[in-house]
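Asker: Requesting a structural model of the entry that follows:
(chains A and B)
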2 protein chains.
Amino acid sequence: MVNYPIKKSVTNQIKRSQANRGMDLEDAINQTNQFYASNDIAYIYKKPIPIQIVKVDYERRSAAKISEAYYKVPSTTDYNGIYRGRYIDFEAKETKTKTAFPLKNLHEHQIKHLDNVRRHGGISFLIVHFSLIGRTFLLDSERVLIYSTDNNGRKSIPLTEFEKNGIEISEGYLKRLDYLKAVDSFYSINEKRTPAE
Amino acid sequence: MVNYPIKKSVTNQIKRSQANRGMDLEDAINQTNQFYASNDIAYIYKKPIPIQIVKVDYERRSAAKISEAYYKVPSTTDYNGIYRGRYIDFEAKETKTKTAFPLKNLHEHQIKHLDNVRRHGGISFLIVHFSLIGRTFLLDSERVLIYSTDNNGRKSIPLTEFEKNGIEISEGYLKRLDYLKAVDSFYSINEKRTPAE
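Answerer: So this is what the prediction gives:
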């Protein structure tokens, strides 16, 4: 059998190019949050991944090494912070399905947490990135709750729901995923309180 | 030499009794936060400790084992959440000094973070437990900032400052450390916004 090194190289190039076109949702949000913070717009951070630490080695005084630990189920959502005097809380997820977001991607208590935040006057939502169609939406937690309590066995949020009741977030350069623009646009409608000066 | 088992036992009893009198600040706050959440009063959580994961073993499919990881410096404070529509953010520290809280217990960027939150309309403060005198105080971030930028080389907040401008938090049974009572009492004075219904 003959080797085709050139073909292989072409394949690699395509792969790389696809990777560039795609978006790592977490990276995009983290970079956007950094932009918000350095421009004094908002202070929103990703929470660290919760870890159950079992064993720590203190071989060197300078750096304790964790040698046995396990992932824990997060008790809340990934992101929270403050924007214009308001408490902001959200979960961000990617999906490869093209027509709906399967709710199995969220823990039950995360949906409950988003609902708690909303009931107490905070802004809580879901950011979903449909990676295969390259579209990203913000959907208010109240809409998420409707679909999660709908017991017709479906347990997913159709793309049409995002198109109808969500706000699409466009990708940019400096603000890679300017979701606060979507927050402004969606929540200004129902605002009762004035943001801080 | 003669053994005195009874004496030893007495010493143990004293030690245990002292341990009971003492307070683990983190435990007390976590239990109080659980009380707030289960009574639908507020949703405030401790952030997980940030960890740099280096190596993960997938020996068993059920539980990935982290076999090499290191502690990272936290980028923000330990606690945040929502209370009556407001963003709440604080750091909690114990000190064994009796007359002042040494500011070396806080990272510079944590003080900056508390200031950012306050400037953006959130409620941010420090909870300090003076373990040897058994007193706990809430101090607004604005006061913390004054002492942290005071460059007379002191870099500590005297107990008198906590007594004069802070709010003392009493220990209780169900609400082990009812710091939101202190929040109510302190922040109601300067409130401009109405909390959510």
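Asker: In contact with the residue positioned nearest the centre of chain A, which residues are there?
Answerer: Nearest residue to the geometric centre of chain A (C-alpha atoms, centre = their mean): A:Ala92, 1.7 Å. Contacts here follow C-beta atoms under 8 Å, 6 or more residues apart in numbering or on different chains; on that basis A:Ala92 touches A:Leu25, A:Glu26, A:Ile29, A:Asp78, A:Tyr79, A:Leu126, A:Ile127, A:Val128, A:His129. Using the backbone N, CA and C atoms, a C-beta is placed for each residue, glycine as well.
Asker: Okay, helices next: where are they in chain A?
Answerer: If DSSP state H is used as the criterion, the helices of chain A fall at A:5-21, A:25-38, A:108-119, A:141-149, A:159-165, A:179-187.
Asker: right, so of these, which gets closest to B:Tyr187?
Answerer: For the helices of chain A, proximity to B:Tyr187 was assessed by C-beta to C-beta; helix A:108-119 is nearest, at 19.5 Å.
Asker: Give me the buried stretch members for the closest one, please.
Answerer: Buried positions in helix A:108-119, judged by neighbour count with 16 or more other C-beta atoms under 10 Å in any protein chain shown: A:Gln110, A:Ile111, A:His113, A:Leu114, A:Asp115, A:Asn116, A:Val117, A:Arg118, A:Arg119.
Asker: shaky segments in chain A?
Answerer: A:1-22, A:60-62, A:150-154, A:189-197 (pLDDT under 70).
Asker: from the middle of its chain, how far away would the lengthiest strand in it be?
Answerer: Using DSSP state E to assign secondary structure, the strand with the most residues in chain A is strand A:86-95. Centroid separation for strand A:86-95 versus its chain: 5 Å, with C-alpha atoms, centre = their mean, to the nearest Å.
Asker: If I take it and helix A:25-38, what angle do their directions form?
Answerer: 160 degrees (axes from the mean of the first three to the mean of the last three C-alpha atoms, to 10 degrees).
Asker: Restricting to C-alpha, output strand A:86-95 in CSV.
Answerer: Taking C-alpha atoms only, strand A:86-95 is exported to CSV below (Å, rounded to 0.1, in the frame of the first residue of the first chain):
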residue,chain,number,x,y,z
ARG,A,86,-28.2,43.2,39.3
TYR,A,87,-27.3,39.7,40.3
ILE,A,88,-26.6,37.6,37.1
ASP,A,89,-26.6,33.8,37.1
PHE,A,90,-26.4,31.4,34.2
GLU,A,91,-25.4,28.1,32.8
ALA,A,92,-23.8,27.7,29.4
LYS,A,93,-24.0,24.5,27.3
GLU,A,94,-23.0,23.3,23.8
THR,A,95,-25.1,20.8,21.9
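Asker: picking up where we left off before, the residue nearest to the centre of chain A - nearest residue in space that isn't next to it in sequence?
Answerer: Distance criterion C-beta to C-beta, 6 or more residues apart in numbering or on different chains; nearest residue to A:Ala92, sequence neighbours excluded, is A:Ile127 at 4.2 Å.
Asker: quick one, what contacts the one you found?
Answerer: Applying C-beta under 8 Å, 6+ apart, the residues contacting A:Ile127 are A:Leu25, A:Ile29, A:Phe90, A:Glu91, A:Ala92, A:Lys93, A:Thr136, A:Phe137, A:Leu138, A:Ile169, A:Leu177, A:Tyr179.
Asker: let's see 6 Å
Answerer: A:Phe90, A:Ala92, A:Leu138 (C-beta atoms under 6 Å, 6 or more residues apart in numbering or on different chains).
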